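Asker: Need coordinates for the below:
(one chain, ligands or ions: 2)
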Amino acid sequence: MKDRYNRTIDYMRISITDRCNLRCTYCMPQEITLTSMENILTYEEILRICNAAVELGITRFKVTGGEPLVRKGCVTLIREMKRIPGIEQVTMTTNGVLLGQYLEELISAGIDGINISLDTLDADRYERITGKNELSAVMENIGRAINSGIRVKLNAVLQNGVNEDEWEHIALLARTNRLDVRFIEMMPIGFGKNCRGVSGRELFEKMKTRWPDLETVEDIHGNGPAVYYHVPGWKGSIGLINAIHGKFCASCNRIRLTSRGMLKPCLCYGDTVDLMPILRGAAAGSKPDGNAGTDDMIRRAIAEAIMEKPAQHCFEQKEYVTEESQMVSIGG
Ligand code: SAM
Ligand code: SF4
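Answerer: Numbering: from 1, shown residues only. Ligands and ions are numbered 1, 2, ... in the order given. Okay, the predicted model is just below:
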């Protein structure tokens, strides 16, 4: 459906857990208070929401986390989502640590693409950034994912003084591999507020200097705001997601669902529409029961969240950002 700024909203990001097996410095560097399992949407509830969302024209879904693969049954959820008539695409964002274990099952469940987060190619740095010594496992899993033929995108967040010097090496992964390497600007959400991200515009200037024949890719590669570039002869492309310096709100197509059942109209603001009272007939924490509201009520709540989407974010003015949750519980 269209929101009040005439934007078509056809994409939903679903965070299925706020738990994670890594501790990325800008996302969840230390333990946060995790939501108890009874306050997390069950898979049945998520599927109900997906069914309602499809009727409003939301046809593409991203499963995210925390780390989605740490939640038991994640593959079954994806299989069930793929069975919902009208759903055109289900993809996932993962840190890749457990991907090797689930890759075949994910593919047989029908997953349409996998985004893998990778901020560095250096093992020591990887451990400093994520708190875990998992780079070799992730690299191996990226290789396996590429070889499987599934569409793979890598997501890198560059930070000054941390990994900004690796932009070229990370980008070069797209030279010999059929994948998209995307650089995402650090957003002032949660721990990210105190990090010094790298401007995508500056990065673009460096890219043009380094590869003067860099060309803009016109065809749409995904659901999001990335602008893609291609160097002649390369197998893959480079994407820039300039959340701060390239405001793309006019073409925003998405809505987010947190694992606690909150619909988020915009990443930047704390406003939510709570689906729990409709799903459970009472507040979060209560068991799903026969008091639950109707599918029509779920649809109306999703439509309400869509209509509440603001015209734009205000990441460039941190003092107006009202979202107080950590990114780990929103899902990126
Ligand atoms: N655990 C999964 C992963 O790492 O891909 C999925 C969840 S994670 C929150 C999704 C994406 O958000 C990751 O690519 C991560 O780098 C990114 N992210 C986390 N905090 C961010 C921030 N403050 N600004 C920009 N991207 C952020
Ligand atoms: Fe976990 Fe992903 Fe956040 Fe890193 S970015 S802490 S892998 S949720």
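Asker: Tally up the residues packed near residue 89, please.
Answerer: By the criterion of other Cβ atoms under 10 Å, residue 89 has 18 neighbours. C-beta coordinates here come from the backbone N, C-alpha and C atoms, glycine included.
Asker: try residue 327
Answerer: The local packing of residue 327 (other Cβ under 10 Å) involves 20 other residues.
Asker: so it sits right up against residue 192, yeah?
Answerer: Yes: contact status for residue 327 versus residue 192: in contact at 6.2 Å, counting by Cβ atoms under 8 Å.
Asker: what is in contact with these two at once?
Answerer: When contacts are counted by Cβ atoms under 8 Å, 6 or more residues apart in numbering, residue 327 and residue 192 are jointly contacted by 26-27.
Asker: Let's verify the closest residue to residue 65 other than its chain neighbours: helix, strand, or coil?
Answerer: Using Cβ to Cβ, 6 or more residues apart in numbering and skipping the chain neighbours, the partner closest in space to residue 65 is residue 17 (5.0 Å). Here residue 17 is recorded as coil under DSSP: H, G, I helix; E, B strand; the rest coil.
Asker: What is the burial count for residue 17?
Answerer: Neighbour count of residue 17, defined by other Cβ under 10 Å: 25.
Asker: That one contacts residue 64, doesn't it?
Answerer: No: using Cβ under 8 Å, residue 17 is not in contact with residue 64; the gap is 9.1 Å.
Asker: From ligand 1, how far out is the residue nearest to residue 65?
Answerer: Residue 17 is 9 Å from ligand 1, where distance means Cβ to the nearest ligand atom, to the nearest Å.
Asker: now swap in residue 177 and tell me
Answerer: Counting by Cβ to the nearest ligand atom, the gap from residue 177 to ligand 1 is 18 Å.
Asker: I'd say that residue and residue 234 touch.
Answerer: No: with contacts counted by Cβ under 8 Å, residue 177 stays clear of residue 234, the gap being 9.1 Å.
Asker: near ligand 1, which residues of the protein?
Answerer: 20, 26-27, 64-65, 67, 93-95, 117, 155, 157, 184, 186-187, 189, 192, 327-328, 331-332 (Cβ under 6 Å from any ligand atom).
Asker: Show me what counts as buried in stretch 243-251.
Answerer: Going by neighbour count (16 or more other Cβ atoms under 10 Å), the buried part of stretch 243-251 is 243-245, 248-249.
Asker: Most widely separated two among these?
Answerer: Across the buried residues of stretch 243-251, the longest distance by Cβ to Cβ is 12.9 Å; it joins 245 and 249.
Asker: mind putting the buried residues of stretch 243-251 in CSV, distance to residue 311, pLDDT and secondary structure included?
Answerer: CSV is the format used below for the buried residues of stretch 243-251 (distance: Cβ to Cβ, whole Å; pLDDT from 0 to 100; DSSP: H, G, I helix; E, B strand; the rest coil):
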residue, distance to residue 311, pLDDT, secondary structure
243, 16, 87, coil
244, 17, 87, coil
245, 18, 82, coil
248, 12, 87, coil
249, 7, 92, helix
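Asker: quick one: which of those is nearest to ligand 2?
Answerer: Using Cβ to the nearest ligand atom, residue 243 is the member of the buried residues of stretch 243-251 that lies nearest ligand 2, at 14.8 Å.
Asker: From residue 186, how far out is the closest one?
Answerer: Look at residue 243 and residue 186: by Cβ to Cβ, to the nearest Å, they are 8 Å apart.
Asker: Any idea how many residues pack against the residue in the stretch 151-300 of the chain that ligand 1 sits nearest to?
Answerer: Of all residues in the stretch 151-300 of the chain, residue 192 sits closest to ligand 1, at 2.4 Å by Cβ to the nearest ligand atom. Using other Cβ under 10 Å, residue 192 has 20 neighbouring residues.
Asker: now this structure, which segments are flagged as low pLDDT?
Answerer: 220, 222-223, 282-291 (pLDDT under 70).
Asker: Spatially nearest residue to residue 175 (excluding sequence neighbours)?
Answerer: Closest residue to residue 175 apart from its sequence neighbours, by Cβ to Cβ, 6+ apart: residue 234 at 4.7 Å.
Asker: dump the residue contacts of that neighbour.
Answerer: If you count contacts by Cβ under 8 Å, 6+ apart, then residue 234 has 174-176 around it.
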